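Chemist: give me coordinates for this.
(4 chains)
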There are 4 protein chains.
Amino acid sequence: MNTIQKLTELFTRFPGIGPRQAGRFVYFLLSSSHSYRSELIRLIGSLKDETKICTLCSRFHSNHADTCSLCVDKNRDSSLLMLVEKDVDLDNIERAKGYSGYYFVVGGTVPILDKNPEESIRVKELEKAVTGRIQEGLKEIILAFSINPEGENTTQFIHRVLEPLIFEHDIKVSTLGRGLSTGSELEYSDSETIKNALKNRV
Amino acid sequence: MNTIQKLTELFTRFPGIGPRQAGRFVYFLLSSSHSYRSELIRLIGSLKDETKICTLCSRFHSNHADTCSLCVDKNRDSSLLMLVEKDVDLDNIERAKGYSGYYFVVGGTVPILDKNPEESIRVKELEKAVTGRIQEGLKEIILAFSINPEGENTTQFIHRVLEPLIFEHDIKVSTLGRGLSTGSELEYSDSETIKNALKNRV
Amino acid sequence: MNTIQKLTELFTRFPGIGPRQAGRFVYFLLSSSHSYRSELIRLIGSLKDETKICTLCSRFHSNHADTCSLCVDKNRDSSLLMLVEKDVDLDNIERAKGYSGYYFVVGGTVPILDKNPEESIRVKELEKAVTGRIQEGLKEIILAFSINPEGENTTQFIHRVLEPLIFEHDIKVSTLGRGLSTGSELEYSDSETIKNALKNRV
Amino acid sequence: MNTIQKLTELFTRFPGIGPRQAGRFVYFLLSSSHSYRSELIRLIGSLKDETKICTLCSRFHSNHADTCSLCVDKNRDSSLLMLVEKDVDLDNIERAKGYSGYYFVVGGTVPILDKNPEESIRVKELEKAVTGRIQEGLKEIILAFSINPEGENTTQFIHRVLEPLIFEHDIKVSTLGRGLSTGSELEYSDSETIKNALKNRV
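Modeler: A predicted model of the protein is given here:
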């Protein structure tokens, strides 16, 4: 295998990339500028060194400190902690600009009938994070997982894990509201969504 | 044009049907049983005679009476009235089995910048229906329109139309809850939906 | 079940129509004109009486005669006979305006490993049609079936059935040319199509 | 912008990659092994140095020589030269394993109404390549461009460019065969494709 073929093969391991698109990436790099390729190499090379997992929320960050910029932002609402599956979920919620509390990235979901759910997500780090946030006035934990069986299983598992802490410190646990999303038409909405939209009418 | 071509042409006027599918309908009828075609003819022929617009909710129905079976069902919750755009919306909400109040079909939506909105929907019939339901203990009107600009414009217009009645009789007006619908993933949800899901968290 | 529900149920048997679209058909008919519904009923009612299966090509037609207008058109090329699966295939080929010979509709395809292929298609009528066309100067039979395993199986079965006639009268048998179709891009074409496009280059 | 954000931004310039997928690439790299990232960096770094444009066919290659392995393969059929738009087209045709001649990559297509078509594709290199191949027994040039208006315009332009050479040396010029591609159904095929399938029947 020559360089083109080897690099194509490496790109096929990128998430969602098949051999054809991987090939196109290589031809794109061949026609790109020297400075673009240098910068790409430099950033991939330093990515791991300049990125840490935040000791508070477990997300990846590129701060010099051990904690990410979000976790040390004192202007955020310390009464709220939102649990999400992965970094891109957190990024998307921040983009929506509607939430001002803190986060914790659990790092996965708990598959249904999973025998060792504590290995699928960061249980220890979660308990530590919640304990820490309680000291700073935590009042509500928002479980923000996807609306599908695995997401709901994750919600239930975490609820059980946090039960003692929640009970002892009288913390409210909530889940994201369900109902009609942007663009929904009544004619095509599923029964579950219609029921939730009715229950949560405002 | 022969019979096949003429019938194909008539089927192309059915909603969402192009010439190819219309042709397939004709070939389907040619290979269907005599009794199926007879029944189809009989029902199309009697459809209009046996169908009326309910004098209470404005939906199509096939009762002998002037009112539909839903409107005369005394077991339903007379404190609730839901306004929907069209019959199929009502059918879908009934299928979801989560609502037990009464309905009114406004018969359309109000386009943005529409100069004569009172011609787009059944304003008079609506006022009459609401007045009637007030006599029977109406407490809340649910505006159940699609989550798009035209649906929201319809909500606003109807709110203005009903304002005097609502004010006088202290009726609550609500809209369907917004949030994550079945199958939603946080990574791909739009900002508006995320904000609503947060606001309506439970 | 009332008239609306019964008619909805009948429409769900139309090819490709689910309960939602069937419901929309009924509401469409309710808001259509009286004359449209009358014409629809009249045409469905007379469809079978005014339609026959052509004794020459086996397609449905609405002529007073026993044969369809295509089969009696003396301006067509009597040296060519194209075999197709179904009426809509014939209609689409006529729409393309590139063929001037005669047709025969075999009425189906032969599934792979089918034990009684002679029951899947009109074998007797086919042999009779070919024999008749031979008398009028037939020189080539075009097997025009879909490019998939079942279509190719049908091609092979019919080839075997017609072998004696073909051999005795020195008839050529051809299949539709394979290669790049409109809109094809080399980057995305499958291997089989590329090989055929190369073999059939012009 | 931190390292994660900068790298995400660089990946959005990859062909077909939006900000969300670019973000996922970064998180994928963060969770990948050190050796994977090192190899990726090494290959991107050496890609340009180890890749040349073949002096015979203009494709990218990673040989030590000036010419690619295909162009120096004496077992290929020197009577055939296929002209393609880009490297990935050549890769896909090789994958189909149906062609044994040589190639030339013209490097683009000629837009309709383009005033300087000689700037859109490698005209000089093409003439040189054809002249060279003539010396080695070239008999046919296959123009293998996409089946769309721009592809056909490219075919016509190149035909004009090569006319003198073709005429002088009596070279045949062909295009890829058109017809039904794998999976085609007669019912849904466009008129142009049906006409070609008829013309090229075998």
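Chemist: residues touching the spatially most central residue of chain A, list them.
Modeler: Note on chain A: the residue nearest the mean C-alpha position is A:Lys86, at 2.2 Å, using Cα atoms, centre = their mean. Residues counted as contacts of A:Lys86 (Cβ atoms under 8 Å, 6 or more residues apart in numbering or on different chains) are A:Val105, A:Gly107, A:Gly108, B:Glu187, D:Tyr27. The C-beta positions use only the backbone N, C-alpha and C, and glycine is treated the same way.
Chemist: which ones among the residues you listed lie within strands?
Modeler: If you go by DSSP state E, those have A:Val105 in strands.
Chemist: quick check: longest strand of chain A.
Modeler: Assigned via DSSP E, chain A shows its longest strand as strand A:77-84.
Chemist: that one - which strands sit beside it in the sheet, and in what orientation?
Modeler: Strand A:77-84 has the following strand partners under DSSP bridges: strand A:101-105 (parallel), strand A:140-143 (parallel).
Chemist: hmm, back to that, pick out the lowest-pLDDT one from the contacts of A:Lys86.
Modeler: Among the contacts of A:Lys86, B:Glu187 carries the weakest pLDDT, at 88.
Chemist: report the beta-bridge partner residues of the residue lying closest to A:Thr175 once chain neighbours are set aside.
Modeler: Nearest residue to A:Thr175 in three dimensions, chain neighbours excluded: A:Leu143, at 5.0 Å (Cβ to Cβ, 6 or more residues apart in numbering or on different chains). As for beta bridges, A:Leu143 partners with A:Leu83, A:Thr175 under DSSP bridges.
Chemist: excluding its backbone neighbours, what's nearest A:Ala22?
Modeler: The nearest residue in space to A:Ala22 (Cβ to Cβ, 6+ apart) is A:Phe11, at 3.6 Å.
Chemist: okay, now the one you found: neighbour count?
Modeler: Counted with other Cβ atoms under 10 Å in any protein chain shown, the neighbours of A:Phe11 add up to 21.
Chemist: quick one: stretch A:54-73 near chain B?
Modeler: No. Interface with chain B: stretch A:54-73 contributes nothing (Cβ under 8 Å from any Cβ of the partner chain), its closest point being 13.9 Å away.
Chemist: flag every buried residue along that stretch.
Modeler: A:Cys54, A:Leu56, A:Cys57, A:Ser58, A:Arg59, A:Phe60, A:His61, A:Ser62, A:Asn63, A:Cys68, A:Leu70, A:Cys71 (16 or more other Cβ atoms under 10 Å in any protein chain shown).
Chemist: what about that stretch, near chain D?
Modeler: Yes. Using Cβ under 8 Å from any Cβ, stretch A:54-73 comes into contact with chain D via A:Phe60, A:His61, A:Ser62, A:Asn63.
Chemist: what mean pLDDT does the biggest helix by length in chain A have?
Modeler: If each helix of chain A is counted by residues according to DSSP state H, the longest one is helix A:149-169. In this model, helix A:149-169 carries a mean pLDDT of 95.
Chemist: for chain A, what lies in contact range of chain C?
Modeler: A:Arg20, A:Glu187, A:Tyr188.
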